[in-house]
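[1] need a structure here:
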Amino acid sequence: MVLSGEPAAALRLIHEVMGMMEAVGHHQYEPEFNRINGIALREQNDIAGSQAAFTEALGSARRRQMKVYELRAATDLARLLGEQGRRSEARDLLAPVYDSFTEGFDTADLKDAAKLLSELA
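    Numbering: from 1, shown residues only. Here you go, the predicted model:
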């Protein structure tokens, strides 16, 4: 729904799913739902909420040692920081996550991160 231009509907669905995850104690996809929540909040121009959701997604992915989710959250947070003129902070956040990968550089997530790092240089 986020990608279809309906961020309010996406937010309702995300919050419903996150509530169900909490109720059953299954948090495997929590980092990704927090990241998608950040995207929806960003589409509604809630920059502070978006940044908080991306930060939570990043922390959650790190705690669970989920490298792909960590990369996605770091990329989205770095993009947001870069748009705020905080380019150095954005690079410092994303570069170590990107550099921790040793393979898979032809995947969409790593290509997106590499492109963003290039733009932030």
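[2] tell me the centre residue of the protein?
    Most central in the chain under CA atoms, centre = their mean is residue 73, positioned 2.5 Å from the mean C-alpha point.
[3] after the helix or strand bottoming out on mean pLDDT in the chain, next one along is what?
    Scoring the helices and strands of the chain by mean pLDDT, DSSP states H and E places helix 7-24 at the bottom, with a mean of 79. The helix or strand immediately downstream of helix 7-24 is helix 30-43, counting by DSSP states H and E.
[4] so the next helix or strand after that next one versus helix 30-43, what angle?
    Per DSSP H and E, the first helix or strand lying C-terminal to helix 30-43 is helix 47-63. Interaxial angle of helix 47-63 relative to helix 30-43 (axes from the mean of the first three to the mean of the last three CA atoms, to 10 degrees): 170 degrees.
[5] what inclination does the helix or strand just after helix 47-63 have with respect to helix 30-43?
    Where DSSP H and E defines the elements, the next helix or strand beyond helix 47-63 is helix 67-83. Note on geometry: by the same axes, to 10 degrees, helix 67-83 and helix 30-43 are set 20 degrees apart in direction.
[6] any stretches of this structure with poor pLDDT?
    For the chain, applying pLDDT under 70 flags the ranges 1-4.
[7] let's go with 90 and repeat that
    For the chain, applying pLDDT under 90 flags the ranges 1-29.
[8] ok, and what's touching the least confident helix or strand of the chain?
    Contact with helix 7-24 is made by 1-2, 27, 29-30, 33-34, 36-37, 40-41, 43-44, as judged by CB atoms under 8 Å, 6 or more residues apart in numbering. C-beta: built from backbone N, CA, C; applies to glycine.
[9] before we move on, the earlier item: contact partners for the residue nearest to the centre of the chain?
    Residues near residue 73 by CB under 8 Å, 6+ apart: 31, 34-35, 38, 54, 57-58, 61.
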